[in-house]
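>>> Below are the sequence and a predicted model for it; my questions follow.
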Amino acid sequence: QKEVEQDPGPLSVPEGAIVSLNCTYSNSAFQYFMWYRQYSRKGPELLMYTYSSGNKEDGRFTAQVDKSSKYISLFIRDSQPSDSATYLCGAGSYQLTFGKGTKLSVIP
Amino acid sequence: GAGVSQTPSNKVTEKGKYVELRCDPISGHTALYWYRQSLGQGPEFLIYFQGTGAADDSGLPNDRFFAVRPEGSVSTLKIQRTERGDSAVYLCASSLLGNTEAFFGQGTRLTVV
């Protein structure tokens, strides 16, 4: 079992939909959690950083961490075609362990 | 600099050759990481520097891989006797400390032919 599991998709939604992306992790030592967006042939771009259980909101993005169930989520409200990318979840204590990434397409 | 800079952006080399990949982190960031990303996969950890020293090199796949950061800023990832299986995108990231937000560069796409 990989330390961070993420459904690779692909996930296709209509413009304006709410998107839910999820990961699970197995290592209880992981202390902080990040979500990155990666466009094709580009480096990962940091979207959200969280250190504790609970919700963190930034614009249309909400990151949610539940340490008791080892579950990480990213919600995107009012999704836009420009949100089409691969979304990577990462967890760790200094270096990050990543999931495979979920490929999202937002259809106009 | 404004962001993490990696050079070259693309590198094609012949099997058996030696390559060096360079990473210039965000100014003032003490932590630097190297990752490797294969097609359809998430980045895989290779090595973590805190300042000049390698704090964790447990992700380096074998002794053909080596990385340095002599002055605590720029880092070089060195691969000896390259193999076709080394073909991947090599990503560098930096963070202010070891457990804060990590920012990635655009990566070096290495192709071994």
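Structure's in. What do you need?
>>> Spit out the contact partners of the residue in chain B that chain A sits nearest to.
Minimum separation of chain B from chain A (C-beta to the nearest C-beta) falls at B:Gly42, amounting to 3.2 Å. (Glycine included, C-beta is placed from N, CA and C.) Residues in contact with B:Gly42 (C-beta atoms under 8 Å, 6 or more residues apart in numbering or on different chains) are A:Val4, A:Gln6, A:Leu88, A:Gly90, A:Phe98, A:Gly99, A:Lys100, A:Gly101.
>>> Could you export those residues as TSV, including pLDDT, secondary structure and distance to A:Gly16?
Formatted as TSV, the contacts of B:Gly42 follow (pLDDT from 0 to 100; DSSP: H, G, I helix; E, B strand; the rest coil; distance: C-beta to C-beta, whole Å):
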residue	pLDDT	secondary structure	distance to A:Gly16
A:Val4	95	strand	30
A:Gln6	94	strand	24
A:Leu88	97	strand	24
A:Gly90	94	strand	28
A:Phe98	96	strand	29
A:Gly99	95	coil	26
A:Lys100	95	coil	27
A:Gly101	96	coil	23
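>>> Closest to A:Thr50 out of the residues you listed?
Among these, A:Gly90 lies closest to A:Thr50 (C-beta to C-beta), at 11.0 Å.
>>> Show the overlap between the contacts of B:Gly42 and what lies near chain B.
The subset of the contacts of B:Gly42 within reach of chain B, by C-beta under 8 Å from any C-beta of the partner chain, is A:Val4, A:Gln6, A:Leu88, A:Gly90, A:Phe98, A:Gly99, A:Lys100, A:Gly101.
>>> Now tabulate these in CSV and tack on neighbour count.
Output for the ones next to chain B among the contacts of B:Gly42, formatted as CSV (neighbours: other C-beta atoms under 10 Å in any protein chain shown):
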residue, neighbour count
A:Val4, 25
A:Gln6, 22
A:Leu88, 28
A:Gly90, 28
A:Phe98, 25
A:Gly99, 25
A:Lys100, 19
A:Gly101, 26
